[in-house]
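*Asks:* Here is a sequence together with a model predicted from it:
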Amino acid sequence: MFGLELRDLTKAYGSQLAADHVSLAIPHGEFVCFLGPSGCGKTTVLRMIAGLEPPTSGEILLNGRDITGQPANARQFGMVFQSLALFPHLSVGENVGFALKLRGWDARQRKARVEELLDLVRLPGLEKRAVSQLSGGQRQRVAIARALAQEPPVFLLDEPFSALDAKLREEMQTELRLLQQRLKITTVLVTHDQREAMSMADSIVVMGEGKIQQHGPPVSIYKQPANRFVADFIGASNLLPVEVLDAHTVRYGATPLKVGATGLPAAGPATLAIRPEDILISPAAGGGCNEVSGIIKLVRDMGAYVEVRVDCEGGDILGVVQPRDWIGATHGDRAHVRLPAERCRVLAG
């Protein structure tokens with residue numbers, strides 16, 4: 001039995017579907033990221049899970065029990081909003097213990113639980129500190145502690161790190177992931193940040209146009225995108241127009257290319273997806289198959305890697321090369337680009 005299950009969850013605003021028959025099963029203790037561009041429906045799904053938005057149709061189950069019609073306060077899920085929504089007139093300890101006070105915990109019980117949670121999020125001894133005296137990262141930890149106060153069965157986070165600077169954001173991502181693994185709590189994070197999702201999640205739900213486009217482990221989604229939308233949204237991809245010739249061959253421009261995967265789309269127009277880091281660039285022809293030549297349009301030395309954009313048969317191909325492997329060519333030089341068959345993925349056109 002799964003911890004949290006969504007069955008055909010749909011939300012319509014008039015004729016517009018914000019969430020379109022979303023079905024998903026999340027095991028106990030899993031960290032899931034809903035990832036997608038603005039307006040894709042990910043926050044709408046999160047709000048329906050939280051009980052803040054009633055679904056138009058479909059069901060939400062927790063441990064096999066239907067909670068679709070249950071109000072948000074009855075679900076007792078922990079939630080951290082993008083704005084954090086801390087109470088400015090309350091101290092850190094009063095913020096963390098607020099839900100416990102509403103549920104009738106006495107002062108001694110609340111004090112012990114607040115101290116335990118502040119230790120957990122590495123803010124010991126700050127119970128009496130005013131929220132206005134905290135840094136951005138400290139406020140983030142207080143919001144997390146408050147959401148965990150009632151030991152929720154599900155922990156929900158809506159773009160919680162968007163207001164933090166890059167360095168603090170990465171620190172908080174690491175801290176939250178370590179905390180989640182320690183507590184083994186089922187967690188759902190909504191984000192538009194691919195790096196955040198890839199580095200934190202056990203599994204990623206890629207959403208587009210209100211639908212789940214792909215669901216799976218981060219590495220699987222990165223290396224085996226289900227469609228052009230996923231390939232284009234997750235990381236950088238070369239999406240090349242090709243024509244399918246047979247079960248193992250496509251044609252790019254005038255060049256036939258072998259592909260390792262089976263189950264290609266039917267003969268006709270398609271898209272070949274290949275990651276920039278999987279492309280090999282050389283100043284001389286290798287003499288093998290799956291090679292196209294072109295003129296270098298742009299070279300960008302990024303320090304840790306070199307980006308090279310090559311105009312091949314009228315289309316740009318982007319490659320990423322380690323500095324030690326770079327051939328030293330520059331704008332206007334001829335280059336030969338090899339597309340390893342086993343790295344090529346052909347998607348419907």
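*Replies:* Thanks, I have it.
*Asks:* neighbours around residue 235, how many?
*Replies:* 17 (other Cβ atoms under 10 Å). No exception for glycine: its C-beta is placed from N, CA and C like everyone else's.
*Asks:* I'd assumed residue 204 was in contact with it.
*Replies:* No: if you go by Cβ atoms under 8 Å, residue 235 and residue 204 don't touch, sitting 11.8 Å apart.
*Asks:* got the domain boundaries for this structure?
*Replies:* 4-228, 236-348 (automatic domain parsing).
*Asks:* which of those domains is buried the deepest?
*Replies:* domain 4-228 (a mean of 18; mean count of other Cβ atoms under 10 Å).
*Asks:* How far does that domain stretch from one end to the other?
*Replies:* 29 Å (Cα to Cα, to the nearest Å).
*Asks:* Which parts of the stretch 1-150 of the chain are helices?
*Replies:* Along the stretch 1-150 of the chain, counting by DSSP state H, counting those that start in this stretch, helices occupy 42-50, 72-75, 92-96, 98-102, 107-120, 136-148.
*Asks:* Residue 58: which of those helices is closest?
*Replies:* For the helices of the stretch 1-150 of the chain, the distance to residue 58 is smallest for helix 42-50, at 8.3 Å, taking Cβ to Cβ.
*Asks:* same for that closest one, what does it pack against?
*Replies:* strand 4-13, strand 16-26, strand 31-35, strand 154-158, strand 186-191, strand 203-208 (3 or more Cβ pairs under 8 Å, 6 or more residues apart in numbering; DSSP states H and E).
*Asks:* between it and strand 31-35, how many degrees?
*Replies:* 140 degrees (axes from the mean of the first three to the mean of the last three Cα atoms, to 10 degrees).
*Asks:* Quick one: mean pLDDT for helix 42-50?
*Replies:* Here helix 42-50 scores 96 as its mean pLDDT.
*Asks:* In the stretch 151-300 of the chain, where is pLDDT below threshold?
*Replies:* 261-263, 286 (pLDDT under 70).
*Asks:* quick one: the strands in it?
*Replies:* Listed in chain order, the strands of the stretch 151-300 of the chain (DSSP state E, counting those that start in this stretch) span residues 154-158, 186-191, 203-208, 211-216, 238-246, 249-252, 255-258, 268-274, 280-282, 291-301.
*Asks:* As CSV, the ones you listed with distance to residue 136 would be great.
*Replies:* Listed next are the strands of the stretch 151-300 of the chain as CSV, based on distance: least, Cβ to Cβ, whole Å:
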stretch, distance to residue 136
strand 154-158, 16
strand 186-191, 17
strand 203-208, 26
strand 211-216, 32
strand 238-246, 37
strand 249-252, 48
strand 255-258, 49
strand 268-274, 38
strand 280-282, 42
strand 291-301, 32
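*Asks:* Which of those sits closest to residue 327?
*Replies:* strand 280-282 (6.5 Å).
*Asks:* Could you please name the strands that closest one pairs with and the direction of each pair?
*Replies:* If you go by DSSP bridges, strand 280-282 pairs up with strand 334-338 (antiparallel).
*Asks:* Could you point out the helix or strand that follows the strand it pairs with?
*Replies:* strand 345-348 (DSSP states H and E).
*Asks:* And that following strand, what does it pack against?
*Replies:* Short answer (3+ Cβ pairs under 8 Å, 6+ apart): strand 345-348 packs on helix 228-233, strand 268-274.
*Asks:* Nearest to residue 69, out of those?
*Replies:* helix 228-233 (33.1 Å).
*Asks:* got the angle between the lengthiest helix in the chain and helix 136-148?
*Replies:* When the chain is parsed with DSSP state H, its longest helix is helix 166-183. Helix 166-183 and helix 136-148 are oriented at 30 degrees to each other (the same axes, to 10 degrees).
*Asks:* Touching helix 166-183 from outside, list them.
*Replies:* 31, 120-122, 136-137, 140-141, 144, 148, 155, 157, 160-161, 164, 187, 196, 199-200 (Cβ atoms under 8 Å, 6 or more residues apart in numbering).
*Asks:* ok, now with 10 Å
*Replies:* 29-31, 80, 120-122, 135-137, 140-141, 144-145, 148, 151, 155, 157, 160-164, 185-187, 189, 191, 193, 195-196, 199-202 (Cβ atoms under 10 Å, 6 or more residues apart in numbering).
*Asks:* who's in contact with the residue lying closest to residue 109 once chain neighbours are set aside?
*Replies:* Closest residue to residue 109 apart from its sequence neighbours, by Cβ to Cβ, 6 or more residues apart in numbering: residue 100 at 7.3 Å. Counting by Cβ under 10 Å, 6+ apart, residue 100 touches 106, 109-111, 113-114, 117, 146, 149-150.
*Asks:* and if we set it to 7 Å?
*Replies:* Neighbour list for residue 100: 110, 113, 149-150 [criterion: Cβ atoms under 7 Å, 6 or more residues apart in numbering].
*Asks:* In CSV: those, plus pLDDT and distance to residue 342.
*Replies:* Formatted as CSV, the contacts of residue 100 follow (pLDDT from 0 to 100; distance: Cβ to Cβ, whole Å):
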residue, pLDDT, distance to residue 342
110, 91, 58
113, 92, 54
149, 88, 50
150, 81, 50
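*Asks:* closest to residue 21 among the residues you listed?
*Replies:* residue 150 (31.9 Å).
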